[in-house]
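Colleague: Coordinates for the following, if possible.
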Amino acid sequence: MRWRALLLFALAPLLVDAQTSSVTTRTQDLNFVATQLPLLDPFFFSQLSQSDFQQAVNSLQANIATLTDAQFYVGLAQLVAMAGDPHTNLYLYDAPGFQTLPLHLRWLDDGVFVTSAGPEYTSALGARLIGIGNHSIDDVMQLLGTVIPHDNDPWLHYMAQIYLVQQEVLQGLGIVSEGLPSQLTFQSLAGTEFTLTINASNETRTSLLTSATGFIPDYLSNSSENYWFTYSGLTRLLYFKYNVCENDPSNPFPVFASTVLNTIDSNPVDTLVFDFRGNTGGDSSVINPLYNGVVQRLSHLSANPAFALYAAIDKGTFSSALDDAEVFKQPGSAARVIGEPTGGRPQHFGNVAAFTLPGSGIPGQYSQEFFPAPSYLPPGAPSLEPDIAVPIRSTDYFARFDPVLAAILARSNGAPPAPSGSAITVNGASFRVEQGIAPGSIAAAFGAFSTTPDHVFVSGTSSQVLSATASQVNFIVPETAVPGTAGISVQAGGNEIANGTATISAAGPGIFVLQSTDPQQPGAIENQDYSVNTASDPAAAGTIAQIYATGYGGDALPAQVFFGNIPADVLFSGAVGPGLWQINARVPDGLSGLAPVFVIAGGLTSNAVTISIQ
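Modeller: Numbers count the residues shown, from 1 in each chain. The predicted model follows:
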């Protein structure tokens, strides 16, 4: 009954008689969804009660003459979504007359963020969307969940990037008022909340990330191409990005695959990456020439002890792309799957066919075939899960950093166990819970302390406290701390006021951020002349950048430094003060504008900061 109740809620504001489509047009569309679509889709009622569906149809029919277009067609999309099949849906964003707010959004690990905006709304760039109208983002997502067919949260979040800026969808759900601009509330990285009144338009949008302003990571590059690849001799890495499972007649996939395989045959390859992130499907067989060619070469590739094969996935990996990624999970596979849980479900309906509503002409699609999950995957799993989970935060995205590729280069086995307890202890530079804490490094313990701490003990050993407030204490991890799980005791006046656990790791690289409230994360980096690196005082290629970090693991765990995806020459790496780690690295050629800088040590990666390069 949940679907019917939410549908009726969406139809509640019936005082406005502002429809532009005729009752006849609406009736044609409603009759198609109510009677024809269930006949076309053999699985329409596999997860849905026919009586519940009919009650919802009757409710929409009863109000057909009084609803606005936004209310009626949102209600129609809700009827389609009741089937619970992401492959059966109405393309509401293609509805005639429906308009878009001039924003682009991206759902990241810490929320949904503005990545581009119309000229008058650029103050929202890099900010998190936290509310629309009088509704919190959580309430908005509950309502959007009735319009977006989904069977897991990753897919709902992925599609919400589109639907959250659809003006009439928001109006039809009663989130914003019809006939008025939309009010969206944001939160900056500094925690400041602000509201913008936004009008729908097709105006050009400004982005924080463009190739004109700096480095673009591979997973965000060449998005208009169905597929592409690159090979780096510096890292001996071949990267294949699969944007859509569809052959490009101007670059036929068999020919493309042959070029990729020839590159593998003629170059040393330590790392081979198949990247399925953001690929929402198509024809799962298109990739076969490349996949089969790699399988034929695996024994030769694996003779290299440094060789590793990866498949990258995320919430946008769906349908045929999911089917292709599942292959890398086969028993005995040499591959490791890395990234985020998929938006697609291993067991799903698919092989879609298109339909067009007879009255309005709004397009849609429906499933024709059932695809069981492979026998080697858990039955009923909501997503294909990665072997190595790597989230992407907003500060990664806006710092032009791909933590998935960084984890691949580091040969990471995944994040250490996260800290827990009433004192959450993290790396003192990055403040990230998925990073270890090295002996001798700067750490920070956060909590709601009853008074200001004066001591922190790590597995019973007293540490040096650097600074403290009633919510945060910064300290030096004892040099004698043993890698593994450590008990943290925060004390004041000889009494424990908070405690927890944290993971001590041999190295725990974290780079200090010069302006932590800037989404682009400018780093604590000095140029060769000791001036602070900024956009107005950039570094030149070939000069030495001095990077300030913490988590030094000693000479036995040498640091690798990357500028963008280019490894840099490290001239010095060592402790230069209590907990402080300095790394001097040569700025490589081939970069200009903003570029991410990150460090790998001991199989772990740091956060990324940006450096300005001229």
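Colleague: give me every residue that touches the most centrally placed residue in the chain.
Modeller: With distances taken as CA atoms, centre = their mean, residue 108 lies nearest the centre of the chain, 4.0 Å away. The contact partners of residue 108, by CB atoms under 8 Å, 6 or more residues apart in numbering, come to 392, 393, 394, 396, 397. (Glycine included, C-beta is placed from N, CA and C.)
Colleague: what's near enough to touch the first one?
Modeller: Residue 392 is in contact with 108, 109, 314, 340, 402, 403, 404, counting by CB under 8 Å, 6+ apart.
Colleague: and what of residue 439?
Modeller: Residue 439 touches 477, 478, 479, 480, 481, 483, 504, 506, counting by CB under 8 Å, 6+ apart.
Colleague: what ranges do the helices span in the stretch 151-300 of the chain?
Modeller: All helices of the stretch 151-300 of the chain, identified by DSSP state H, counting those that start in this stretch, fall at 153-163, 167-172, 253-266, 288-302.
Colleague: Adding mean pLDDT, distance to residue 518 and mean neighbour count, write these out as TSV.
Modeller: Output for these, formatted as TSV (pLDDT from 0 to 100; distance: least, CB to CB, whole Å; neighbours: other CB atoms under 10 Å):
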stretch	mean pLDDT	distance to residue 518	mean neighbour count
helix 153-163	98	23	21
helix 167-172	97	30	25
helix 253-266	98	38	15
helix 288-302	97	40	15
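Colleague: Show residues contacting stretch 466-484.
Modeller: 428, 436-454, 456, 458-459, 461-465, 490, 503-506, 578-579.
Colleague: Kindly recompute the last result at 6 Å.
Modeller: For stretch 466-484, contacts defined as CB atoms under 6 Å, 6 or more residues apart in numbering pick out 428, 437, 439-441, 443-446, 449, 452-453, 456, 458, 461, 463-465, 504-506, 578-579.
Colleague: For that stretch, buried residues please.
Modeller: Of all the residues in stretch 466-484, those buried under the rule 16 or more other CB atoms under 10 Å are 466, 468, 472, 473, 474, 475, 476, 477, 478, 481, 483.
Colleague: Bridging across strands, which residues link to the third one?
Modeller: Translated: residue 472. Counting by DSSP bridges, residue 472 is bridged to residue 446.
Colleague: Out of the contacts of residue 392, flag the one nearest to residue 518.
Modeller: Nearest to residue 518, judged by CB to CB, of those is residue 108 at 16.2 Å.
Colleague: Skipping adjacent residues, who's closest to the closest one in space?
Modeller: residue 394 (4.9 Å; CB to CB, 6 or more residues apart in numbering).
Colleague: tally of neighbours for the one you found?
Modeller: A count of nearby residues for residue 394, using other CB atoms under 10 Å, gives 22.
Colleague: try residue 235
Modeller: Residue 235: 18 neighbours (other CB under 10 Å).
Colleague: Can you tell me how far it is from residue 300?
Modeller: 20 Å (CB to CB, to the nearest Å).
Colleague: next one: residue 50
Modeller: 57 Å.
Colleague: before we move on, what about residue 427?
Modeller: Note on residue 427: its distance to residue 300, by CB to CB, is 40 Å.
Colleague: How about residue 230?
Modeller: Residue 230 is 21 Å from residue 300, by CB to CB.
Colleague: Check residue 261 too.
Modeller: Going from residue 261 to residue 300 by CB to CB gives 12 Å.
Colleague: pretty sure the residue nearest to residue 108 is in contact with residue 114, am I right?
Modeller: No: look at residue 394 against residue 114 with CB atoms under 6 Å: they stay out of range, at 9.9 Å.
Colleague: Just list the residues touching the residue nearest to residue 108, thanks.
Modeller: For residue 394, counting by CB under 6 Å, 6+ apart, the contacting residues are 108, 110, 113.
Colleague: What backbone torsions are found at it?
Modeller: Main-chain dihedrals, residue 394, degrees, to the nearest 10: phi -60, psi -40.
Colleague: before we move on, what about the one 4 residues further on?
Modeller: Recorded main-chain torsions at residue 398 are phi -80, psi -20, according to degrees, to the nearest 10.
Colleague: right, and residue 113 touches residue 125 too?
Modeller: No: under the criterion of CB under 6 Å, residue 113 makes no contact with residue 125, lying 9.0 Å away.
Colleague: So the two - more neighbours on which side?
Modeller: Neighbours were counted for residue 113 and for residue 125 using other CB under 10 Å; residue 113 has more, 27 against 22.
Colleague: Quick check: closest non-adjacent residue to the more buried one.
Modeller: Nearest residue to residue 113 in three dimensions, chain neighbours excluded: residue 394, at 4.9 Å (CB to CB, 6+ apart).
Colleague: And the pLDDT at the one you found?
Modeller: We have a pLDDT of 98 for residue 394.
Colleague: So it versus residue 515, what's the distance?
Modeller: Counting by CB to CB, the gap between residue 394 and residue 515 amounts to 15 Å.
Colleague: Report how many residues lie close to the residue lying closest to residue 282 once chain neighbours are set aside.
Modeller: Leaving aside its chain neighbours, residue 282 sits nearest to residue 245 (3.2 Å; criterion: CB to CB, 6+ apart). If you count neighbours by other CB under 10 Å, residue 245 ends up with 24.
Colleague: So which of the buried residues of stretch 466-484 sit within strands?
Modeller: Applying DSSP state E to the buried residues of stretch 466-484, the entries found in strands are 466, 468, 472, 473, 474, 475, 476.
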